[in-house]
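Student: Dropping a prediction and its sequence here:
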Amino acid sequence: MIDFIRNFPFFSIILSLCCAVTTFVLPKKPARILSLSLFGVCMALSGATLLRNLYTGEGFVYRMGHFDAPFGNEIAAGLLEPACALLFGTVLFCSVLAGKERLLTDIAPGKERFYYIMADLAHVALLALCYTNDIFTGYVFVEICTLSSAGLLMIRGTGKSLAAATRYMIFSLIGSGLFLLGVIFLYGITGHLLFPQLHETVAEIHAAGTYAVPLLISAALMTGGLAVKSGLFPFHFWMPDTYGTATPSSSGILSGVISKAYIFLLLKVIYRVLGTDVYFATGAQNILYLFGVCGIVIGSLSAIRQTRLSRMVAYSSAAQIGYIYMGIGLGSAAGITASFFQIFAHALTKPLLFLSGAKLRAASGGSDAFRDLRGAAHRDRGAGLAFAVGSLSMIGLPIFAGFIPKLLFALAAMDSYGKAIPTLVVLAVSTILNVIYFLHTVITIYLPVNTQPQLSRRRPDAAFLVGALLLVVINVAIGMHSQPITSLIEQGLSLFAD
């Protein structure tokens with residue numbers, strides 16, 4: 001049975017592809033049921049793969065077709081790969097389920113199944129980015145992820161959503177082009193595409209001191225491309241319009257998992273392709289650190305200036321992405337462990353904010369301006385509670401998942417020469433800024449109920465409550481029992497580097 005589980009990552013990718021094709025011919029309700037069932041089954045497969053590798057203490061490589069490179073392809077699974085696949089599937093499931101009501105109103109009749117096709121394709125790409133052991137395959141699924149993400153954005157069909165999708169596509173294609181150029185440079189000097197052979201050849205080239213400039217250019221291009229696609233400062237200005245105009249499920253998916261998949265691929269490049277010694281010798285981590293710190297501060301300051309809930313939450317995403325890159329920029333295993341925990345915490349929290357924020361807007365006459373949100377939590381109690389939990393997690397209150405990465409960043413900074421004080425100062429400042437805009441919002445939605453007759457209490461949405469409750473429970477569980485997750489990340493990084 002343990003050996004049979006090695007097939008599960010491949011099964012989950014193929015199953016997602018088959019469901020995307022099948023969904024095309026189904027009506028909206030069966031299409032939704034099929035997609036949710038797909039996410040659930042793939043979550044189970046990813047969970048079984050994770051448990052198998054925890055039990056054996058080692059990862060595995062699955063050779064598709066049993067052909068050697070360059071004709072064959074490989075899937076690799078340690079601990080971080082199935083853990084991220086499980087995380088991504090969970091967020092997709094909760095986002096689609098909790099946003100069902102808005103999907104019915106935001107998407108024109110007859111086009112609902114196209115949304116689920118795009119969600120299934122996004123799921124395929126996310127799984128492939130988690131498990132691929134081939135850098136060109138990674139690029140192919142980066143493009144599939146880009147196209148499906150644009151589809152999730154423009155499906156709403158409004159002028160603003162189409163403009164936002166176009167802007168998103170432009171930035172994404174710039175990032176994809178840079179990443180592809182980096183892959184071409186790397187292939188030109190190594191002649192390999194599979195991660196193990198790339199890692200071995202790059203180490204030999206670095207030790208010999210040859211091709212130093214092409215190797216530096218390749219690392220810079222791949223890093224820059226994935227940074228653009230994930231929304232690192234100063235390439236984050238597409239976020240407010242993109243997240244603010246999309247249907248809530250799409251905002252949750254894009255902010256929760258799509259951007260994280262690109263960062264996960266970057267970490268695979270750092271660990272499994274270039275090697276940490278080679279990558280950090282280029283000094284790229286210092287640039288990522290600077291941009292990450294700037295993203296934290298500027299994203300938070302921009303969020304404070306907003307007068308609408310959706311744009312405030314969108315700008316806060318830029319700040320949270322900055323935390324991840326700041327941790328990578330610390331250039332240590334402790335910093336990257338903190339970044340991975342931030343990926344988990346943010347992926348579980350941000351969809352909760354977008355989904356509950358949309359419900360609060362609906363309970364406020366369709367307006368998400370702060371002046372109109374007064375008392376919204378009383379009109380939709382489930383959404384109010386979900387938004388409060390997400391906000392407290394973003395602030396970093398103990399017992400919630402968002403507290404742990406801030407603690408880990410602080411501990412990692414203490415061992416980072418020259419970056420300890422700036423990191424601690426930025427953590428303190430960003431926490432204060434988070435308190436200002438998130439706590440202000442929570443207080444606003446819980447102020448005395450607006451007495452306007454048209455703003456009556458809304459009927460509970462069972463699908464939203466189930467999806468939001470699942471995200472809340474996982475968030476609190478990780479916040480209260482963080483040590484197993486931290487140990488999983490540390491053990492996974494050791495397998496990552498093998």
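Tutor: Structure received.
Student: Output the below-cut-off pLDDT ranges for the protein.
Tutor: Regions of the chain meeting the criterion pLDDT under 70 cover residues 1, 65-72, 157, 449-460, 497-498.
Student: Report the next helix or strand after the helix ranked longest in it in sequence order.
Tutor: If you go by DSSP state H, the chain has its longest helix at helix 159-190. With elements assigned by DSSP states H and E, the helix or strand that comes after helix 159-190 is helix 195-208.
Student: Pull out the buried positions in the longest helix of the chain.
Tutor: 161, 164-165, 168-169, 171-172, 175-176, 178-183, 185-186, 189-190 (16 or more other Cβ atoms under 10 Å). The way it works is simple: take the backbone N, C-alpha and C, and place the C-beta from them, glycine included.
Student: and that helix, what other elements does it pack with?
Tutor: Secondary-structure packing of helix 159-190 (3 or more Cβ pairs under 8 Å, 6 or more residues apart in numbering; DSSP states H and E): helix 135-154, helix 195-208, helix 212-230, helix 239-245.
Student: and for the shortest one, what are the contacting residues?
Tutor: What it means is helix 239-245. Contacts of helix 239-245 from elsewhere in the structure, counted by Cβ atoms under 8 Å, 6 or more residues apart in numbering, are 153, 156, 158, 160-161, 163-165, 167-168, 231, 251, 254-255, 308, 310-311, 313-315, 317-318, 354.
Student: thought residue 218 was touching residue 185?
Tutor: Yes. Taking Cβ atoms under 8 Å as the definition, residue 218 is a contact partner of residue 185 at 3.9 Å.
Student: What residues of stretch 464-483 count as buried?
Tutor: With the criterion 16+ other Cβ under 10 Å, stretch 464-483 contains buried residues 464-465, 467-472, 474-476, 478-479, 482.
Student: I'd like the distance from that stretch to the chain centre, please.
Tutor: Distance of stretch 464-483 from its chain centroid, counting by Cα atoms, centre = their mean, to the nearest Å, is 17 Å.
Student: Over to stretch 383-393?
Tutor: 19 Å.
Student: Also stretch 277-293?
Tutor: Centroid displacement of stretch 277-293 relative to its chain, using Cα atoms, centre = their mean, is 21 Å.
Student: before we move on, what about stretch 334-352?
Tutor: Taking Cα atoms, centre = their mean, one finds stretch 334-352 lying 8 Å from the centre of the chain it belongs to.
Student: contacting residues for residue 107?
Tutor: Residue 107 makes contact with 115, 155-157, 247 under the criterion Cβ under 8 Å, 6+ apart.
Student: Could you export those residues as TSV, including distance to residue 107?
Tutor: Formatted as TSV, those follow (distance: Cβ to Cβ, whole Å):
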residue	distance to residue 107
115	6
155	6
156	7
157	8
247	7
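Student: Mind splitting the protein into its structural domains?
Tutor: The domain map for the chain lists 1-266, 283-498, with the assignment taken from automatic domain parsing.
Student: who wins for proximity to residue 272 among those domains?
Tutor: Evaluated with Cβ to Cβ, the domains of the chain place domain 1-266 nearest to residue 272, the distance being 4.4 Å.
Student: one step back: name the stretch among the helices and strands packed on helix 159-190 that sits most buried.
Tutor: Among the helices and strands packed on helix 159-190, helix 239-245 has the highest mean neighbour count (mean count of other Cβ atoms under 10 Å), at a mean of 24.
Student: for the helix or strand that comes right after that one, packing partners?
Tutor: Using DSSP H and E, the next helix or strand after helix 239-245 towards the C-terminus is helix 248-253. Here helix 248-253 touches helix 80-98, helix 100-106, helix 112-131, helix 135-154, helix 333-362, going by 3+ Cβ pairs under 8 Å, 6+ apart.
Student: Could you tell me the angle between the last one and helix 80-98?
Tutor: This points to helix 333-362. Using axes from the mean of the first three to the mean of the last three Cα atoms, to 10 degrees, the interaxial angle of helix 333-362 with respect to helix 80-98 works out to 10 degrees.
Student: So which elements touch the next helix or strand after helix 333-362?
Tutor: Toward the C-terminal end, the helix or strand that comes next after helix 333-362 (DSSP H and E) is helix 376-379. With contacts defined as 3+ Cβ pairs under 8 Å, 6+ apart, the packing partners of helix 376-379 are helix 333-362, helix 381-395.
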